[in-house]
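please work out how this folds:
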Amino acid sequence: MWALICKSRVGFLFGFPIFLGALCATIVGCNPEQFLGKISNGDHSTSNSSAVGGGDGDYKVYQFCTWNMENFFDDQADPKSHDEMENWYAKNPDMFKLKVKHLTEAIMMMNQGVGPDILCMCEVESERSVDALRQSVNAALEAKGLKNLAYKNILFKPDNTGRRFGPAILTRLPVDANRTQQLGKNGYRRVIEGHINVNGYDLTVIAAHWTSRVNANTDSHRMTYAETCYGRFRAIATSNPEADVIVCGDFNDEFKDSSVQHGLHASNDPEEVIRGEAGDQLKLLDLSARFDGTGAIKGTIYGKGHWSTFDHICVSRGMLDGRGWVCDPKTTAIFAPKELRKTGKNSRGEPFPFGNPKTEGERGFSDHFAVNVQIRVQNFK
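So this is what the prediction gives:
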């Protein structure tokens, strides 16, 4: 029975009419390698660059993106912050303007030049930071005659611990802003839950920034974040097993690490995700698991002499069932065009960072690459 259900869902996933799901199953099957396909690690993923709201009549197609923006502080001083970067931006508002300009340029390279429809950001100090970016991107869209694609909604909750920044969500799609909440206990609150509602279908987005690897004693901190994200997902999925949920962000750990596999209960096997019905059997499909360092782009960040994939997009089984919101795992891609990569004699093609007060020469964009995926939503219920 599970094999039949799984096969039917594969047919749904790739946009076939529902009544052809079983037929598709006889061809595609439910082998994880076939289901996920060969994910491109190239500069662009053409398959996840659909026109905004385009589709096949039954679905509308959108691009989802997660990106660590690298120290996206605003241009106002925070007397309670003692962060070097926060102080630098406050004392040098021209640097903040340049940062916004560069981020705008990068965003406008995505999704056929209109930017992702849902952008989840990490390392954001304030709503002021996001709104400055929103206005800048909207101006770029208007200059292209695309005012109708303006970004309208910001979901953000300030974090007053640590470096005093957190995740944020910027989208052109309708949201249920009153349901936005910050998750986690004190010291582990860089997690935001937002709700996007299109055609009557709710999409829950949990965006998080787990503790960085500042020393060898931070594993337990990332495990705490993983358990926070999973606990919230499990509560949602227990109440509604078919709920459409995305958990994403900069986890500062890779798929192979315990925090991701045992704390977040992430899997690279869609069959396992579809089978999970209750308790700890509820799994998330980690779309970033396929970025194993063997592709043209070997990860989302380069540091300490090696590549890592710290940036993840994980989806619930509800995103694989062909109803409501649907994810196409094969369209997952690391976004790394040449403009966003370091060049030069000693370059490895790593992300081109914006840098800090000591940076000399040209400034880039961020020290992370973004990860994009195509998602779809059915027409009205």
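
from now on I want contacts and neighbour counts done on CA atoms only, so please keep to that.
Will do.

where exactly do the helices run in the stretch 1-150 of the chain?
Across the stretch 1-150 of the chain, reading from the start of the chain, the helices by DSSP state H, counting those that start in this stretch fall at 2-13, 21-28, 32-36, 84-91, 93-107, 127-143.

got the CA coordinates for the longest one in PDB?
As requested, C-alpha coordinates have been extracted for helix 127-143 and formatted as PDB (Å, rounded to 0.1, in the frame of the first residue of the first chain):
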ATOM      1  CA  GLU A 127      13.100  45.200  10.300                       C
ATOM      2  CA  ARG A 128      14.800  48.500   9.200                       C
ATOM      3  CA  SER A 129      17.500  46.400   7.400                       C
ATOM      4  CA  VAL A 130      14.900  44.300   5.600                       C
ATOM      5  CA  ASP A 131      12.700  47.300   4.700                       C
ATOM      6  CA  ALA A 132      15.700  49.100   3.100                       C
ATOM      7  CA  LEU A 133      16.400  46.100   1.000                       C
ATOM      8  CA  ARG A 134      12.700  45.700   0.100                       C
ATOM      9  CA  GLN A 135      12.500  49.300  -1.100                       C
ATOM     10  CA  SER A 136      15.700  48.900  -3.100                       C
ATOM     11  CA  VAL A 137      14.600  45.700  -4.800                       C
ATOM     12  CA  ASN A 138      11.200  47.200  -5.500                       C
ATOM     13  CA  ALA A 139      12.800  50.200  -7.100                       C
ATOM     14  CA  ALA A 140      14.800  47.900  -9.300                       C
ATOM     15  CA  LEU A 141      11.700  46.000 -10.300                       C
ATOM     16  CA  GLU A 142       9.800  49.200 -11.100                       C
ATOM     17  CA  ALA A 143      12.700  50.300 -13.300                       C
END
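
pLDDT averaged over it - what is it?
Looking at helix 127-143 alone, the average pLDDT works out to 98.

next helix or strand past it?
Using DSSP states H and E, the helix or strand that follows helix 127-143 in sequence is strand 153-156.

avg pLDDT for the next helix or strand after that following strand?
Proceeding C-terminally, strand 153-156 gives way to strand 166-171 as the next helix or strand, assigned by DSSP H and E. Averaging pLDDT along strand 166-171 gives 98.

likewise stretch 264-284?
Mean pLDDT, taken over the full extent of stretch 264-284, equals 90.

what does that stretch rub up against?
For stretch 264-284, contacts defined as Cα atoms under 8 Å, 6 or more residues apart in numbering pick out 2, 6, 30, 32, 35, 226-227, 229-230, 234, 237-238, 241, 255, 260-261, 285-287, 289-290, 314-317, 320.

just these: which are in strands?
Secondary structure defined by DSSP state E assigns 285-286, 314-315 of those to strands.

hey, C-alpha coordinates of the biggest strand by length in the chain in CSV?
When every strand of the chain is counted residue by residue (DSSP E), the longest turns out to be strand 59-72. As requested, the backbone C-alpha atoms of strand 59-72 are provided in CSV (Å, rounded to 0.1, in the frame of the first residue of the first chain):
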residue,chain,number,x,y,z
TYR,A,59,-0.6,25.0,-10.0
LYS,A,60,1.1,28.3,-9.7
VAL,A,61,4.9,28.1,-9.5
TYR,A,62,7.1,30.1,-7.1
GLN,A,63,10.8,30.2,-6.1
PHE,A,64,11.8,29.7,-2.5
CYS,A,65,15.2,30.9,-1.3
THR,A,66,17.2,30.7,1.9
TRP,A,67,20.3,32.9,2.2
ASN,A,68,22.7,34.0,5.0
MET,A,69,23.1,37.7,4.2
GLU,A,70,26.4,38.1,6.2
ASN,A,71,26.1,40.8,9.0
PHE,A,72,23.1,42.6,7.6
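
appreciated, that's everything.
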